[in-house]
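Participant: build me a structure from this.
(chains A and B, ligands or ions: 3)
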Amino acid sequence: MITPIRAELTVTDNVPFGQPVFWPDGQRRFYALTLERPEWKSWQPGQFIMLRPLSGEECVWARPMSICRVTSQSLVLFIRVVGSATDRFSRLKSGDKVIVWGPLGTGFDMRPDTPTLLLARGVGIAPFAGYADMHPDPSSLSMLFGHSLPSSNYPTDAMAARIEVESLHDRTPEELEEFHRVARLRMTEYKERGGICLACGPMPFLKKVWRFANEIDLPTQLLLEERMSCGTGACLGCSAVTSKHWPDPVKAGLPVQTCTSGPVFWAKELDLDASLSERRD
Amino acid sequence: MDLRATLVPGLLELKNPIMSAAGTFGSGLEYSPYGDITQLGGIITNGLTLRPCMGSPMPRVAETPSGLLTSIGTQNDGVEHFVRHVLPQLPWQDVPIIPNLNANFVEDFSELAGILAAEPGIAALEVNLSCRNDNRSGQRFNQNTVTAARAVSAVKKAAGSKPVIAKLSPQIMDIVEVARSVEAAGADVISCIGTVQGLAVDVRERRAMLGSITGGLSGPAVKPLALRCVWQISHAVDIPVIGVGGIRTAQDVLEFMLVGAHAVAVGSASFSDPEAIFRIVRELPAVCEEYGVSDLDAFRGSLQG
Ligand SMILES: Cc1cc2nc3c(=O)[nH]c(=O)nc-3n(C[C@H](O)[C@H](O)[C@H](O)COP(=O)(O)OP(=O)(O)OC[C@H]3O[C@@H](n4cnc5c(N)ncnc54)[C@H](O)[C@@H]3O)c2cc1C
Ligand SMILES: Cc1cc2nc3c(=O)[nH]c(=O)nc-3n(C[C@H](O)[C@H](O)[C@H](O)COP(=O)(O)O)c2cc1C
Ligand code: FES
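Facilitator: Ligands and ions are numbered 1, 2, ... in the order given. Modelled structure (predicted):
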């Protein structure tokens, strides 16, 4: 296990990614936020940090963000603005201070000689940038990337320089269906090649991938983006329900914390159909 | 400076008045990467029930102005799991470990207390009286002086020599009456406040932010409410009070002591910074000095009208 550390870091850069897109329910904006590199001994792609501006009362709690890239100098995050905290992150400027704790949670499996399919949707591409950077044999990787906004909003170009990227832009429900169809097709191909699959994106997409993985019996990992508040395993706000295949039989079928037992899980060890249902209030 | 806080002489003596609040610090081990948990005054661990509990539907957390709305539904692996697998890993010889008891029947409170009281690693028991009472169609135990007292006296009987802390939340007719009733029922200490029921909605989606619709509000938003309760209760009872609600800094700790608290518990502040509670412990002596406080016993309850 990699021990997380808490640090106060300086923002070194924060740039909009692509043009803002006007959507019926508001603007869609993306940012690449660069922080000075924390003193981490190691980290794994798929792991995340909790992030909070050091000052400013409008953001009292932290938010989880995937570690997108780590270089010798910096930690880069890729952020989509969806609400108050991500809007606040988009307004961070060079020199501002943030509180970061991490690296947190589990990372993606990395197997040098196994064909590995990366399935990303939207901002779910973030952890795969670092995955492609760190993989010892990028030729064994390929990514299928689905997005409803223009590809210029996502860091695909930098990734395409290192790995094979197949990008599908969906503007209609039919095109989204087509993306899901292609995802299942690619998964079937990787099953035949003895490969594995790693997926990250919104929950409806992950549920589809989870179902496909079970049907095809392809070893698949999913990165779950649950709402979190502590990131340490203490608040129990981020639970996911395990399946009967969970390695610890005592916890099989019971909730576990996404922030410590995940966010990366093997699909067959989860039960995404199970609902946490004790409704009392 | 002497920071020790005596809640029950010989039985519950803290090296400093700062504890972690139930449900916000896990078992304590979750925070050991961020500080030395044996330096805390005490660790009140996550809510326990007799049997494992799945908890509330997702989502369970939502941010509100200066607050956090949560509904966890006491997800936990049950008291047996805690006693067998968690407690042995905790540094109970160096820091008081105080489990938080949750039940929907008085009998379950009593059984829980019996199991926990048999453990040498446990310093005291905290009874969460904002649990729902299934014998009174889900009314909360602390909504009424009789049920609050019944739960406390059941726990007290089963607890042997372990001190019992009664935890109150403020959404009741008269918190002072309830405080008096739990004191009379044998509570050794009162802690307050638990979370306050609230609701957060998303107008665009026309949905509640939480899966269970309503949830408990915590954080800086509830601090004035907590200060008021501690002030009222500490005037009404002779037992010590642990102040809880919105504490983020060492200055907040002094505010609670000024209105009469013997000790405090830091809750959701740990979510906005995992180092918060350790920093509060570290900074308390300097902050006392800054405000000219040289003796916490003398300072306690010295609020001027
Ligand atoms: C492990 C992990 C890694 C993540 N990595 C990234 C990343 O690299 N880049 C990125 O932009 N985001 C990432 N997220 C999601 C990000 O944390 C949320 O978008 C953010 O917390 C929203 O905060 P907000 O205050 O801006 O929005 P809020 O005001 O909290 O919410 C706005 C809307 O977004 C929804 N929402 C909130 N949180 C989530 C969530 N976790 N998943 C889906 N919908 C949500 C709410 O229901 C609401 O409708 C990650 C989440 C997790 C758990
Ligand atoms: C996520 C969460 C879980 C909680 N669980 C419990 C619990 O199981 N039992 C209990 O008595 N109080 C519980 N509480 C209440 C806290 O112990 C505390 O009383 C409350 O949060 C107010 O303090 P704060 O503002 O510092 O967070 C919980 C609070 C939160 C935020
Ligand atoms: S975010 Fe608190 S337990 Fe996972």
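Participant: list the buried residues for stretch B:153-167?
Facilitator: B:153-156, B:158-159, B:162-167 (16 or more other CB atoms under 10 Å in any protein chain shown). Where C-beta positions appear, they are placed from N, C-alpha and C, glycine not excepted.
Participant: next one: stretch A:124-132
Facilitator: Buried, per 16+ other CB under 10 Å, within stretch A:124-132: A:124-132.
Participant: contacts for it, please.
Facilitator: A:45-46, A:48, A:65-70, A:76-78, A:108, A:110, A:118, A:120, A:138, A:141, A:143, A:145, A:154-156, A:158-159, A:162-163, A:198-202, A:205, A:223, A:225 (CB atoms under 8 Å, 6 or more residues apart in numbering or on different chains).
Participant: can you tell me which of those residues are in strands?
Facilitator: A:48, A:65-66, A:69-70, A:76-78, A:118, A:120, A:141, A:143, A:145, A:198-200, A:223 (DSSP state E).
Participant: ok, and which of those residues reach chain B?
Facilitator: The overlap between those and the neighbours of chain B (CB under 8 Å from any CB of the partner chain) is empty.
Participant: buried subset of these as a PyMOL selection?
Facilitator: Listed next is the PyMOL selection for buried residues among the ones in strands among the contacts of stretch A:124-132, using 16+ other CB under 10 Å:
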select buried, chain A and resi 48+65+66+69+70+76+77+78+118+120+141+143+145+198+199+200+223
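Participant: return the residues of the stretch 101-250 of chain A in contact with ligand 2.
Facilitator: A:Cys235 (CB under 6 Å from any ligand atom).
Participant: next one: the residue of the stretch 101-250 of chain A found nearest ligand 2 from chain B, what distance?
Facilitator: Relative to ligand 2, the nearest point of the stretch 101-250 of chain A is A:Cys235 (4.4 Å; CB to the nearest ligand atom). From A:Cys235 over to chain B the distance is 6 Å, taken as CB to the nearest CB, to the nearest Å.
Participant: cool, A:Ala183 as well?
Facilitator: With CB to the nearest CB as the criterion, A:Ala183 and chain B are 24 Å apart.
Participant: hang on, that residue in a helix?
Facilitator: Yes. Per DSSP: H, G, I helix; E, B strand; the rest coil, A:Ala183 lies within a helix segment.
Participant: for it, grab the count of nearby residues.
Facilitator: A:Ala183: 23 surrounding residues under other CB atoms under 10 Å in any protein chain shown.
Participant: any figure for the gap between it and A:Phe212?
Facilitator: Distance of A:Ala183 to A:Phe212, computed by CB to CB, to the nearest Å: 7 Å.
Participant: and what of B:Arg282?
Facilitator: The value you get for B:Arg282 to A:Phe212, if CB to CB is used, is 51 Å.
Participant: neighbour count for those two, which is higher?
Facilitator: Using other CB under 10 Å as the criterion, B:Arg282 and A:Phe212 rank with A:Phe212 on top: 23 against 13.
Participant: distance from the helix or strand containing the more buried one to the middle of the chain?
Facilitator: If you go by DSSP states H and E, A:Phe212 is part of helix A:203-216. Averaged C-alpha coordinates place helix A:203-216 at 16 Å from its chain's average position (CA atoms, centre = their mean, to the nearest Å).
Participant: would you mark the buried spots in it?
Facilitator: In helix A:203-216, counting by 16+ other CB under 10 Å, buried: A:205-206, A:208-210, A:212-213, A:216.
Participant: didn't B:Ala154 look like it was pressed against B:Phe105?
Facilitator: No. Using CB atoms under 8 Å, B:Ala154 is not in contact with B:Phe105, being 9.6 Å away.
Participant: number of residues surrounding the closest residue to ligand 1 within the stretch 1-150 of chain A?
Facilitator: Distances between the stretch 1-150 of chain A and ligand 1 by CB to the nearest ligand atom are smallest at A:Gly83, namely 2.2 Å. Neighbour count of A:Gly83, defined by other CB under 10 Å: 10.
Participant: do a quick rundown of the helices in the stretch 51-200 of chain B.
Facilitator: B:79-81, B:106-117, B:145-158, B:175-184 (DSSP state H, counting those that start in this stretch).
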